[in-house]
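> Sharing a model prediction with you, sequence too.
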Amino acid sequence: MAEETIFSKIIRREIPADILYQDELVTAFRDIFPKAPLHILIVPNHLIATANDVKASDELALGRMVTVAAKLAAEAGIAEDGYRLIMNCNSHGGQEVYHIHMHLLGGAPLGPMLS
Ligand code: 5GP
């Protein structure tokens, strides 16, 4: 059984975060240490620790994470210029918080990811 992280407390609004969107499946909030002019985290409301733990029953929430990312990018006016969506998995992937999340990064040219 995965342990809750700080993201569960953010989702339940028990600790402060700049929440930009929330519905019955997902929550989106600004990253506390932004790595781009726009850096938003989109998370499922229920705890899934890593990409390895995603089940078929999670597919609706995972799909919603992408549609919410696109909506927030459009609202921020960066959809046409473009942006990056990233999900890190486990230590080699650089995952620090074990509640699956999608990074939405944009607002400036980000350069090639793999070089
Ligand atoms: P990961 O490396 O796990 O893919 O990314 C975790 C992200 O969560 C990091 O970009 C980090 O800045 C962000 N983060 C960690 N703790 C908090 C927090 O308490 N509040 C917010 N808003 N972001 C956090």
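Thanks, I have the structure now.
> List the buried residues of the longest helix seen in the chain.
Looking only at the chain and at elements set by DSSP state H, the helix with the highest residue count is helix 59-75. Neighbour counts over helix 59-75 (16 or more other CB atoms under 10 Å) mark 61-62, 64-65, 68-69, 72-73 as buried. Where you see a C-beta, it was placed from the backbone N, CA and C, and this is true even at glycine.
> just curious, which of these is nearest to the ligand?
The shortest gap between the ligand and any of the buried residues of helix 59-75 belongs to residue 65, at 13.4 Å (CB to the nearest ligand atom).
> how about the closest one, what does it touch?
Going by CB atoms under 8 Å, 6 or more residues apart in numbering, residue 65 touches 26, 42-44, 102.
> so where's the longest strand in the protein?
The strand of greatest length in the chain, counted in residues with DSSP state E as the criterion, is given as strand 38-44.
> distance between that strand and the chain's centre?
For strand 38-44, the separation from the chain centroid amounts to 3 Å (computed by CA atoms, centre = their mean, to the nearest Å).
> can the buried residues of helix 59-75 go into TSV with extra columns for pLDDT and distance to residue 85?
Putting those into TSV (pLDDT from 0 to 100; distance: CB to CB, whole Å) gives the following:
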residue	pLDDT	distance to residue 85
61	98	15
62	98	12
64	98	13
65	98	9
68	98	11
69	98	6
72	98	11
73	98	9
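> thinking again about what came up before, and the longest strand of the chain, what's buried?
By neighbour count on 16+ other CB under 10 Å, the buried set for strand 38-44 is 38-44.
> can you pull out the strands in the protein?
Using DSSP E, strands in the chain cover 19-22, 26-30, 38-44, 83-86, 102-106.
> Including distance to residue 96 and mean pLDDT, could the ones you listed go into TSV?
Formatted as TSV, the entries for the strands of the chain read as follows, by distance: least, CB to CB, whole Å; pLDDT from 0 to 100:
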stretch	distance to residue 96	mean pLDDT
strand 19-22	20	98
strand 26-30	16	99
strand 38-44	11	98
strand 83-86	13	98
strand 102-106	11	98
